[in-house]
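Visitor: quick one, fold the following:
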Amino acid sequence: MIENYILKQRQSNPLEVKIQMSLQKIREWYTHWQGMVYVAFSGGKDSTVLLHLVRSIYPNVPAVFVDTGLEYPENKEFVKTIENCITLKPKMNFPEVLSRYGYPVISKEQAQYIQQYRNAKSEKTKNTRLNGNKWGRGKISKKWLYLLNAPFKISEQCCNVMKKNPVKIYEKQTGRKGYIGVMAEDSAKRVQDYLKFGCNAFESARPISRPMGFWLESDVWEYLKRFNVTYSNIYEKGYKRTGCMFCMFGVHLETEPNRFQIMKNTHPKIYDYCMNKLGLKEILQYIGVKYE
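Guide: Numbering: from 1, shown residues only. The predicted structure is shown next:
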């Protein structure tokens, strides 16, 4: 597949080449939308690099932070140091999302398939989620079929409700279009998105720019060090990923100590809340992930 070859080639480029390519994509996006753009900013290392890249040529572009209540305290404190940063909040809190939709486990894709199977109104949908479409895609992995009988709700909706919806409202109210700091190497879904749209998805249902789509995590660290960019000190505590604190997507793939084992030592009160009040302990036990 030629698109996949191009992605691999771009991922293998030296950082300097990647920087210039990203700056070109940033300019194209900015020009197309006549400067009505913003940077999605989480306080994590990837969005920190993205904001630095964008503001290196357009210093007045606003950053937009969604305060879901699930961010690490270190990231929230770091966000406070960023100038021209707009804070949004979701309409629902995390316990409400868990109650209405379900827990985020395994991956967004698999959680969605499980949720769709469980709530399917047609046998066609159920069959697709069990056996795949005519290309064999869209099915629940055999490894996770047992979760169809799990005694708790499973869903991918958490990110949509708590992060994407507030941003969509902001976009509608302001007319601004976003830059996001996601990279293809983060997940299979993000590889698909990159191969389908490239960096600047002008024609997608929700136009979005991913100017770092072909970067690797090692590039992010190299950039931070090369340009002496200040970033959240959460990474000094052993965390590799700093998304929502209570998210369980991908935790089964982590080597020990995983994010929750680290949390027990670094944020014991938050750990106790998510394990015992939100019920994550039972969920992790069910999927066979250690948390102590």
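Visitor: ok, now which ones touch residue 118?
Guide: 148, 154 (CB atoms under 8 Å, 6 or more residues apart in numbering). To be clear about C-beta, it is placed using only N, CA and C from the backbone, and glycine gets the same treatment.
Visitor: relative to residue 245, how far out is it?
Guide: 26 Å (CB to CB, to the nearest Å).
Visitor: now do residue 115
Guide: Counting by CB to CB, the gap from residue 115 to residue 245 is 22 Å.
Visitor: any idea how far residue 281 is from the nearest residue in space to residue 237 that is not next to it in sequence?
Guide: Leaving aside its sequence neighbours, residue 237 sits nearest to residue 266 (CB to CB, 6 or more residues apart in numbering; 4.8 Å). Taking CB to CB as the measure, residue 266 falls 18 Å from residue 281.
Visitor: residue 77 now?
Guide: For residue 77, the distance to residue 281 - CB to CB - is 28 Å.
Visitor: neighbour count for the two, which is higher?
Guide: residue 281 (17 against 14; other CB atoms under 10 Å).
Visitor: which positions in the helix or strand harbouring residue 8 come out as buried?
Guide: In the assignment (DSSP states H and E), residue 8 maps to helix 2-11. Neighbour-count burial for helix 2-11, counted by 16 or more other CB atoms under 10 Å, picks out 7, 10, 11.
Visitor: now the last one: how far from residue 172?
Guide: In other words, residue 11. 34 Å.
Visitor: quick check: mean pLDDT across stretch 105-115?
Guide: Averaged over stretch 105-115, pLDDT sits at 96.
Visitor: that should have said stretch 133-153, apologies.
Guide: So the average pLDDT for stretch 133-153 ends up being 95.
Visitor: packing partners for the longest helix along the chain?
Guide: Selection of the longest helix in the chain by residue count, based on DSSP state H, yields helix 15-32. Counting contacts by 3 or more CB pairs under 8 Å, 6 or more residues apart in numbering; DSSP states H and E, helix 15-32 is packed against helix 45-57, strand 177-179, strand 200-201, strand 208-209, helix 217-226.
Visitor: tell me the gap between the helix holding residue 8 and the middle of its chain.
Guide: 22 Å (CA atoms, centre = their mean, to the nearest Å).
Visitor: now swap in stretch 58-68 and tell me
Guide: 16 Å.
Visitor: show me the contact partners of that stretch.
Guide: 26, 30, 35, 37-43, 51, 54-55, 76, 79, 82, 84-90, 94, 162-163, 166-167, 170, 176, 178-179, 244.
Visitor: and the buried ones among those residues, selectable in PyMOL?
Guide: Per 16+ other CB under 10 Å, the buried members of the contacts of stretch 58-68 correspond to this PyMOL selection:
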select buried, resi 26+30+37+38+39+40+41+42+43+51+54+55+76+79+82+85+90+94+162+163+166+167+170+176+178+179+244
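Visitor: and the contacts of stretch 58-68, which of them are in helices?
Guide: 26, 30, 51, 54, 55, 76, 79, 94, 166, 167, 170.
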